[in-house]
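*Asks:* quick one: sequence plus predicted model below, questions after.
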Amino acid sequence: MFRFPVAVGDIRKSSLADYAGLVVVGLLCFWAVFFDGYPIGDDYKNQIIAFEAFREQIEQGVLYPRWLQEINHGFGGANLFFYAPLIYYVEYVIDVLLPFDAPTTTILSLNALFFLLFSGFSCHIWLSGFCSRWGAFAGAALYMAAPYHLFIDVYERNNGAEFAVYAWTPLLFMLLQADGRRREARIAKFGAVYALFVVTHLPSAVVVTPFAGAWALLYAFMKHEGPRPELVRVLGAEGLHFAASLGLGVLIAGLYLFPALTLLDLVRSHVMWSGPFYDYKNWFIWGGDRCPEVFGGFCMQMSLVATGTVFVPVLGCLAVSGHMSRHAKAVMGALAVLIVACFFLMTPFSLFVWEFVSPLQKVQFPFRLMIVADLLFAGLIGLLFTPSAEATHRFKIHGARICVFVVFALLSFQTARFVQNSPHPDQEFFDFRIKHRILTGEFFPNNPEMTINILDFVDKTPALPLYRTEPETIRASLVERTPRQFTFAVEAEIPGVLYVRQFYFPGWAAEIIRDGKEPRIPEVRAAEPYGQVLIPLPEGRYQLRLSMSRLPQEWIGGIMSVCGLVLLVLLLFAARSKRTRSR
């Protein structure tokens with residue numbers, strides 16, 4: 001058998017000129033999207049509101065904000081229990097490093113530029129493991145400029161988190177090609193990157209993880225040089241290493257992941273998987289009448305983008321496959337199998353798979369598989385630009401490259417025109433929601449006492465005081481207010497109640513503090529019509545402290561992360577010790 005390289009990409013093989021070129025390409029891509037400022041897309045308001053609320057609590061000393069008490073007309077919200085937090089930390093660092101006070105949209109734009117360049121660099125490092133220098137550059141450049149990545153993800157949908165995971169996916173695939181004899185280092189590195197992936201965008205992990213596992217097995221199969229009977233053992237070991245790496249990543253990400261998965265029943269999460277907009281069956285490419293009528297243009301555009309992204313590079317590589325090395329042909333075959341599988345899972349023909357593998361349904365949109373397809377597309381492009389064009393075959397090789405590039409350019413131009421002309425609510429719609437900080441309703445607490453319709457809550461809720469008492473003769477004043485805590489001074493001649501303008505959510509607890517007496521714990525419950533906090537007040541003069549303590553799920557997630565980080569350090573130490581002994 002031929003010797004199969006196990007290199008996983010070496011930044012030293014490439015000159016600074018390659019990365020400088022990718023910076024130029026990235027800046028051109030950035031200009032193509034942000035030339036007129038941060039685009040107004042589907043998630044425009046959510047990106048602005050979530051970051052500003054996150055930043056406020058960071059500046060008040062909260063290391064990991066979860067309950068955002070100033071959003072939703074001041075009723076608060078549990079959104080950051082479920083939104084992956086990494087991009088908000090990156091945005092905050094960008095805000096701190098800027099030498100001037102920048103508008104939030106500028107910070108969001110610079111965050112997109114950071115992850116755009118990062119994605120190009122990480123893809124280039126991955127491709128350097130099996131492509132020529134020119135192939136790695138071409139694949140990484142087109143990875144940044146891929147129509148779904150550049151125009152639909154960030155321009156049309158404003159999905160900053162999904163856009164960011166493009167930076168991690170190539171690194172996951174690269175680490176799965178590492179030398180299996182260094183299993184401790186490989187598990188540690190993959191686990192760390194996988195944790196970063198999860199805390200960037202959880203739904204993307206659902207679609208990327210199976211393909212990463214398939215890539216690990218295919219790569220192990222391709223580089224196996226021993227007797228065939230040993231292959232089963234090799235693939236079994238590869239599967240175990242992959243599972244161990246995933247387990248480490250899940251542990252490290254536990255601080256975010258465990259609460260996000262176990263608290264879903266406490267919010268209106270059912271909204272995320274119900275109705276025509278979130279029903280995965282309505283979002284297959286080439287789905288015909290399945291697509292909601294109002295989104296017919298988007299569904300057609302996604303179908304064209306997916307088809308071009310999958311089949312154009314496959315056909316281009318097949319055209320020049322006769323001039324590839326055996327190694328390149330093997331990698332091309334693996335990439336082609338995976339990218340066609342991606343395409344299949346985006347079509348209605350795969351409905352039985354989605355029905356059988358229920359976690360896939362939580363992804364909401366089958367077209368999210370374009371995250372994987374774009375990476376595999378980059379790999380095929382890298383291979384297409386790797387063979388040297390001998391004089392006798394120059395026309396064929398260059399012709400295939402030019403055809404692929406022209407189709408890519410036409411598809412990108414047509415996608416850019418589509419998203420520029422795509423209808424979105426007007427600025428007034430967003431301004432109202434940004435002013436009142438209305439985030440998505442699926443993360444409103446699932447309180448039966450919230451009897452008001454969500455749309456009426458958004459559009460018709462009057463300006464309400466932070467707190468009020470019944471009867472009004474009870475005097476209450478706010479002494480201190482910090483994230484997840486309020487302290488009131490109360491004077492009550494008769495028993496009554498205190499209403500606080502915060503949605504009720506498990507964890508809210510009250511404590512009555514009187515001089516010289518044991519604290520008393522009154523029951524905190526939800527009240528109609530908003531499901532807001534209600535606290536019974538006894539008579540007397542005292543302090544009332546309302547606070548949302550750390551939930552058990554938060555403590556468990558934190559313990560998971562600590563254990564994962566300890567295990568990571570131990571694995572890295574073991575890998576270093578092994579290298580030292582082998583010298």
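*Replies:* Right, received. Where do you want to start?
*Asks:* going by C-alpha atoms from here, please, whenever you check contacts or count neighbours.
*Replies:* Will do.
*Asks:* and the gap between Gly191 and Ala32?
*Replies:* Distance of Gly191 to Ala32, given as Cα to Cα, to the nearest Å: 35 Å.
*Asks:* ditto for Ala78
*Replies:* 35 Å.
*Asks:* now do Leu218
*Replies:* Counting by Cα to Cα - Leu218 and Ala32 are separated by 37 Å.
*Asks:* ok, these two, which is more surrounded?
*Replies:* Leu218 (21 against 15; other Cα atoms under 10 Å).
*Asks:* ok, then the element right after the one helix or strand the more buried one maps to?
*Replies:* Leu218 is located in helix 202-223, with elements delineated by DSSP states H and E. Remark: after helix 202-223, the chain's next helix or strand is helix 229-252, criterion DSSP H and E.
*Asks:* give the buried residues for that following helix.
*Replies:* Neighbour counts over helix 229-252 (16 or more other Cα atoms under 10 Å) mark 234-235, 238-239, 241-242, 244-252 as buried.
*Asks:* quick check: next helix or strand after it?
*Replies:* From helix 229-252 onward toward the C-terminus, using DSSP H and E, the following helix or strand is helix 254-262.
*Asks:* relative to the whole chain's centre, how far out is that next one?
*Replies:* Relative to the chain's own centre, helix 254-262 is displaced by 14 Å; criterion: Cα atoms, centre = their mean, to the nearest Å.
*Asks:* and it with helix 229-252, angle?
*Replies:* 90 degrees (axes from the mean of the first three to the mean of the last three Cα atoms, to 10 degrees).
*Asks:* list the contacts of Ser269.
*Replies:* Ser269 sits next to Glu442, Phe443 when contact means Cα atoms under 8 Å, 6 or more residues apart in numbering.
*Asks:* can you give me the strands in the protein?
*Replies:* Taking DSSP state E, the strands of the chain run over residues 467-470, 475-482, 485-492, 496-503, 508-513, 525-527, 532-537, 540-548.
*Asks:* how about CSV for those strands, with mean pLDDT added?
*Replies:* Output for the strands of the chain, formatted as CSV (pLDDT from 0 to 100):
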stretch, mean pLDDT
strand 467-470, 96
strand 475-482, 96
strand 485-492, 96
strand 496-503, 97
strand 508-513, 95
strand 525-527, 96
strand 532-537, 96
strand 540-548, 95
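*Asks:* could you dump those to CSV with distance to Ala138?
*Replies:* Listed next are the strands of the chain as CSV, based on distance: least, Cα to Cα, whole Å:
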stretch, distance to Ala138
strand 467-470, 60
strand 475-482, 51
strand 485-492, 53
strand 496-503, 51
strand 508-513, 54
strand 525-527, 58
strand 532-537, 55
strand 540-548, 52
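*Asks:* nearest to Phe413, of the ones you listed?
*Replies:* strand 496-503 (45.9 Å; Cα to Cα).
*Asks:* re the thing from before, what helices or strands is the helix holding Leu218 leaning on?
*Replies:* Where contact means 3 or more Cα pairs under 8 Å, 6 or more residues apart in numbering; DSSP states H and E, helix 202-223 is packed against helix 169-175, helix 183-198, helix 229-252, helix 326-345, helix 358-361, helix 370-384.
*Asks:* so of those helices, which one's packed in deepest?
*Replies:* helix 370-384 (a mean of 28; mean count of other Cα atoms under 10 Å).
*Asks:* CA atoms of that helix as CSV?
*Replies:* The C-alpha atoms that make up helix 370-384 are tabulated as CSV, following Å, rounded to 0.1, in the frame of the first residue of the first chain:
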residue,chain,number,x,y,z
MET,A,370,-24.3,23.8,5.0
ILE,A,371,-21.8,24.4,7.8
VAL,A,372,-20.4,20.9,7.1
ALA,A,373,-20.9,21.2,3.3
ASP,A,374,-18.9,24.4,3.1
LEU,A,375,-16.0,22.8,4.9
LEU,A,376,-16.0,19.8,2.6
PHE,A,377,-16.4,22.1,-0.3
ALA,A,378,-13.2,23.9,0.8
GLY,A,379,-11.4,20.5,1.0
LEU,A,380,-12.5,19.6,-2.6
ILE,A,381,-11.4,23.0,-3.9
GLY,A,382,-8.1,22.6,-2.2
LEU,A,383,-7.6,19.2,-4.0
LEU,A,384,-8.8,20.7,-7.3
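*Asks:* show me the contacts for Val312.
*Replies:* Val312 makes contacts with Val404, Val407, as judged by Cα under 8 Å, 6+ apart.
*Asks:* let's go with 10 Å and repeat that
*Replies:* By Cα atoms under 10 Å, 6 or more residues apart in numbering, the contact set of Val312 is Phe377, Leu380, Ile381, Ala400, Cys403, Val404, Phe405, Val407, Phe408.
*Asks:* any idea which residue is closest to the centre of this protein?
*Replies:* The chain has His201 as the residue nearest its centroid, 1.7 Å off, counting by Cα atoms, centre = their mean.
*Asks:* OK, contacts around that one?
*Replies:* His201 sits in contact with Tyr83, Ala84, Pro85, Leu86, Ile87, Asn159, Gly160, Ala161, Glu162, Phe163, Ala164, Val165, where contact means Cα under 10 Å, 6+ apart.
*Asks:* the fourth one and Leu202 touch, don't they?
*Replies:* When you say that, I think you mean Leu86. No. With contact defined as Cα atoms under 10 Å, Leu86 does not count as touching Leu202 (11.1 Å).
*Asks:* would you mark the buried spots in the helix or strand of the chain with the lowest mean pLDDT?
*Replies:* Every helix and strand of the chain was ranked by mean pLDDT, DSSP states H and E. The lowest is helix 275-278, at a mean of 80. Within helix 275-278, the residues that count as buried by 16+ other Cα under 10 Å are Phe277, Tyr278.
*Asks:* do the same with stretch 496-510
*Replies:* When neighbours are counted by 16+ other Cα under 10 Å, the buried residues of stretch 496-510 are found to be 496-505, 508-510.
*Asks:* per-domain residue ranges of this protein.
*Replies:* Annotated domains of the chain cover 11-167+268-427, 467-549 [automatic domain parsing].
*Asks:* dump the ones you listed to JSON lines, plus distance to Gly564.
*Replies:* Formatted as JSON lines, the entries for those read as follows, by distance: least, Cα to Cα, whole Å:
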{"stretch": "domain 11-167+268-427", "distance to Gly564": "18"}
{"stretch": "domain 467-549", "distance to Gly564": "24"}
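*Asks:* quick one: contacts for the most far-flung residue of the chain relative to its centre?
*Replies:* Going by Cα atoms, centre = their mean, the residue of the chain most distant from its centre is Glu493, 52.8 Å out. Listed by Cα under 10 Å, 6+ apart, the contact set of Glu493 reads Thr473, Ile474, Arg475, Pro538, Glu539, Gly540, Arg541.
*Asks:* and the gap between it and Glu238?
*Replies:* According to Cα to Cα, Glu493 and Glu238 sit 72 Å apart.
*Asks:* check Gly540 too.
*Replies:* Applying Cα to Cα, the value for Gly540 to Glu238 is 68 Å.
*Asks:* could you pull out the helices in the stretch 1-150 of the chain for me?
*Replies:* Secondary structure of the stretch 1-150 of the chain (DSSP state H, counting those that start in this stretch): helices at 16-34, 44-59, 79-82, 86-97, 104-127, 133-145, 147.
*Asks:* mind checking which of these is nearest Ser274?
*Replies:* Among those, helix 79-82 sits nearest to Ser274 (Cα to Cα), with 17.9 Å.
*Asks:* what does that closest one contact?
*Replies:* 50, 53-54, 64-68, 71, 202, 255-264, 267, 439-445, 554.
*Asks:* pLDDT weak spots in this structure?
*Replies:* Along the chain, the model assigns pLDDT under 70 to residues 1-14, 179-181, 388-392, 583.
*Asks:* looking at it, which helix is longest?
*Replies:* Criterion DSSP state H: the longest helix present in the chain is helix 552-582.
*Asks:* report the buried residues of that one.
*Replies:* 553-554, 557-562, 564-565, 567-568, 571-572, 575.
*Asks:* out of the contacts of Val312, the closest to Thr580 would be?
*Replies:* The closest of the contacts of Val312, once distances to Thr580 are taken by Cα to Cα, is Leu380, at 37.8 Å.
*Asks:* now the helices of the stretch 1-150 of the chain in TSV, with distance to Leu338?
*Replies:* As requested, those are exported to TSV (distance: least, Cα to Cα, whole Å):
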stretch	distance to Leu338
helix 16-34	26
helix 44-59	32
helix 79-82	30
helix 86-97	28
helix 104-127	16
helix 133-145	17
helix 147	19
